[in-house]
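Novice: Pasting the sequence and the predicted model now:
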Amino acid sequence: MSAEPPHPTQTATISAGDWPAPLAEQPLDAVIPVPGSKSLTNRFLVLAALAQDTSRLTNPLRSRDSTLMCEALQALGTGIQSGADDSEWIIEPNPLRGPASIDCGLAGTVMRFLPPVAALAEGTVDFDGDEAARRRPLGPVLEALRSLGVSVRGDGLPFELTGTGRVSGGTVYVDASGSSQFVSALLLAGARYDDGITVIHEGKPVPSLPHIAMTVEVLRDAGVLVDDSEANRWRVEPSQIHALDVAVEPDLSNAFPFLAAALIAGGQVTVPDWPHFTTQAGDHTRDILQQFGAEVELSRAGLTVRGTGHIGRVDLDLHEASELSPVVAAIATFADGPSHLRGIGHIRFHETDRLAALASELNALGSDVTETEDGLVIRPKPMQGNVFRTYGDHRMVMAAAVLGLRVPGIVVHDAGTVAKTMPDFTARWTRMIGD
Ligand SMILES: O=C(O)C1=C[C@@H](OP(=O)(O)O)[C@@H](O)[C@H](O)C1
Ligand SMILES: C=C(OP(=O)(O)O)C(=O)O
């Protein structure tokens, strides 16, 4: 990531890495397929590395976060290759071993999911990541591993973990109010611990619960017994993990800005292959866009969103689907009155402090946005072009693209940072507008 430029007071100038967000000159009419889900791809990779036999993953996401996950698992001994064609990966589990160095980049799924896996390796594994990743919370996962007898030096990135090839397992107490990924991480590896694992959450409510439901679902599909019948308590029985042969669903959170575009620019956008049953938090897209005033139709063709010419104000609790917040905030700047986004205090520790970043960048365009303890209040005002800083956050790029549909002259700084989950986002976006 390059340094953030100051906000100019006049027309923005364009420098390397900047992307002038295109205006929508006419209503949209586009069908936009989106690549595989980050959350599913990285869970499947972890389970495949811990499985008893070779797995096949079809339509995996190819992006910075999934590449980092592959490289980390390979460093621990796992074999990962492209299959017969480019749309599949073959994953061959091997005994996990150190010494290894793991680069987590800025990926929450890598920095949280892999310490409990590395604990099963024999040898020392050191972890680090982007500068911005060092401020992302990790302590509860490392503390839980320590309570199971694993040797860990450090409380966040960078840290070092030394495994003996096995983990006793048992009950751990975790405050997962900072991230659902703390729970998912321990559950994913827990089946391979001698006594399995029981995770008990103690603290304020856990955010992003659909992501834990996703973890439970993929474990069950791999033959693992999971009890999630009680709130804030998850039990994973010790067992083998079956090899996987799975197709990854499209990433519904990455589909969200494309579908939102129909509401902002008018016309319609369809994302094909929308699953009719899914644990992805991105499925909240349907309800959110409807609340803003769009027409939403799930059919054999996929999910179609049509603009109605009206964008209504919303009062939304996004605790379950917090990764959608940046694009929701962008939509709200065009609404017919003030909107309130709640339940997302923890996104201050996502890729960046998303509440501060959104307030700063939207206000620089002329909107009136204030931060609350757990969200944002957005009072729409006329906006004009400016540099839109992205803080290494892929979802800030997506939010800026949505704004640029209607606000001329938005220059998205460091747009390449969107490669965290969608390297060809800007090309797809341009295609959607030109279609
Ligand atoms: O487990 C996962 O794949 C994710 C869980 C969520 O994290 P938080 O619980 O930290 O919000 C979500 O926001 C993130 O994008 C992906
Ligand atoms: C919060 C996000 O990512 P991560 O998996 O790095 O937590 C996100 O994708 O919005």
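Specialist: Thanks, I have it. Ligands and ions are numbered 1, 2, ... in the order given.
Novice: Flag every residue of the stretch 251-400 of the chain that's near ligand 1.
Specialist: Residues of the stretch 251-400 of the chain lying close to ligand 1 (Cβ under 6 Å from any ligand atom) are Ser322, Glu323. Any C-beta I mention is one placed from the backbone N, CA and C, and that applies to glycine too.
Novice: Where does the stretch 251-400 of the chain get nearest to ligand 2, which residue?
Specialist: As assessed by Cβ to the nearest ligand atom, ligand 2 sits closest to Glu323 within the stretch 251-400 of the chain, at 3.5 Å.
Novice: roughly how far apart are that residue and His211?
Specialist: Computed as Cβ to Cβ, to the nearest Å, the Glu323 to His211 distance reads 9 Å.
Novice: Figure out how far the helix or strand containing Leu145 is from the centre of its chain.
Specialist: Using DSSP states H and E, Leu145 sits in helix 139-147. Here helix 139-147 is found 22 Å from its chain centre; the criterion is Cα atoms, centre = their mean, to the nearest Å.
Novice: ditto for stretch 281-301
Specialist: Taking mean C-alpha positions (Cα atoms, centre = their mean), stretch 281-301 and its chain are 19 Å apart.
Novice: Can you give me the buried ones in it?
Specialist: Ala281, Gly282, Asp283, His284, Thr285, Arg286, Ile288, Leu289, Phe292, Gly293, Ala294, Val296 (16 or more other Cβ atoms under 10 Å).
Novice: ok so the second one is a helix residue?
Specialist: Just to be clear, that refers to Gly282. Yes: with DSSP: H, G, I helix; E, B strand; the rest coil as the criterion, Gly282 is part of a helix.
Novice: surely it meets Ala255?
Specialist: Yes: Gly282 is within contact range of Ala255, at 6.5 Å (criterion: Cβ atoms under 8 Å).
Novice: sorry, back to before: please name the spatially closest residue to the residue of the stretch 251-400 of the chain closest to ligand 2 (chain neighbours excluded).
Specialist: Nearest non-adjacent residue to Glu323, counting by Cβ to Cβ, 6 or more residues apart in numbering: Ser253, 5.1 Å away.
Novice: confidence score at that neighbour?
Specialist: On pLDDT, Ser253 comes in at 98.
Novice: Look at it and say how many residues are nearby.
Specialist: Close neighbours of Ser253, defined as other Cβ atoms under 10 Å, add up to 24.
Novice: next one: phi and psi at Asp339?
Specialist: I think there's a mix-up here, since residue 339 is Ser and not Asp. As for Ser339, its main-chain torsions (degrees, to the nearest 10) stand at phi -120, psi 150.
Novice: bridging residues for it?
Specialist: With beta bridges defined as DSSP bridges, Ser339 has these partners: Ile378.
Novice: In contact with it: list those residues for me.
Specialist: Ser339 makes contact with Arg313, Val314, Asp315, Leu316, Ala332, Val377, Ile378 under the criterion Cβ atoms under 8 Å, 6 or more residues apart in numbering.
Novice: Identify the residue nearest Asp368 in space, chain neighbours excluded?
Specialist: Nearest residue to Asp368, sequence neighbours excluded (Cβ to Cβ, 6+ apart): Arg379, at 4.0 Å.
Novice: my bad, should have said Gly105
Specialist: Spatial nearest neighbour of Gly105, chain neighbours left out: Leu68 (4.7 Å); criterion: Cβ to Cβ, 6+ apart.
Novice: Any figure for the gap between Pro238 and ligand 2?
Specialist: Distance from Pro238 to ligand 2, counting by Cβ to the nearest ligand atom, to the nearest Å: 27 Å.
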